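> Could you work out the structure for the sequence below:
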Amino acid sequence: MRSLLRKFLSGRPPLHRIEGIAFEGDTMRTRFVDGRVIELPLSMFPRLLHGTPEERNHWRLIGPATGIHWPDLDEDISAEGILAGKPSLEGEGSFRRWLAQRAVRQGSV
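Residues are numbered from 1 along each chain as shown. Next up is the predicted model:
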C-alpha cells in the first residue's frame, strides 16, 4: 500500500512552484506558477540584504522550481519558507563569519 501511495505521489508536480523573483527597494517579490505573489522584506534574509543588486539578481531555481539558490551569496530559500513567511534561520555567528569572509574577498579589510 505504501509503495502504491509513494508511486502516486512521486508522479505529481510539486504543490508550490516558483516562476520568478524580483527585487524592489528592500523587498523581494516572488511569483508562483499558480499566480500568487508574495512580498517579503529583505531584512528577513541578511545575506540578500547585504548582497549587491547584481548578486541578488544572480539566482537560479532549484529542484522542480521549489527553491531559489543565490550562488554568489551562498543562500537557499524554499518556496514553502517564502509562503510561510519564514526568515533565515542562520545563526548570528555563522552570519558574522560569512560577512568577514565576504569583506576579505572584496578587499575591504
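> Rank the helices and strands of the protein by mean pLDDT and give me the bottom one.
The helix or strand of the chain with the poorest confidence is helix 2-10; it has a mean of 49 (mean pLDDT, DSSP states H and E).
> Alpha carbons only: can I get the next helix or strand after that helix in PDB?
Read in the C-terminal direction, the helix or strand following helix 2-10 is strand 18-24, with elements assigned using DSSP states H and E. Only the C-alpha atoms of strand 18-24 are listed here, as PDB (Å, rounded to 0.1, in the frame of the first residue of the first chain):
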ATOM      1  CA  ILE A  18       8.200  29.400  -8.200                       C
ATOM      2  CA  GLU A  19       8.000  31.200 -11.500                       C
ATOM      3  CA  GLY A  20      10.400  34.100 -10.800                       C
ATOM      4  CA  ILE A  21      11.600  36.700  -8.400                       C
ATOM      5  CA  ALA A  22      12.300  40.400  -8.500                       C
ATOM      6  CA  PHE A  23      13.700  43.000  -6.100                       C
ATOM      7  CA  GLU A  24      12.300  46.400  -5.500                       C
END
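> Which secondary structure state is assigned to Glu90?
Secondary structure for Glu90, judged by DSSP: H, G, I helix; E, B strand; the rest coil, is coil.
> my guess is it contacts Pro46, does it?
Yes - here Glu90 reaches Pro46: they are 7.0 Å apart, a contact under Cβ atoms under 8 Å. Quick note: C-beta positions are derived from backbone N, CA and C, even for glycine.
> ok, these two, which is more surrounded?
When Glu90 and Pro46 are compared on other Cβ atoms under 10 Å, the one with more neighbours turns out to be Pro46, at 18 against 13.
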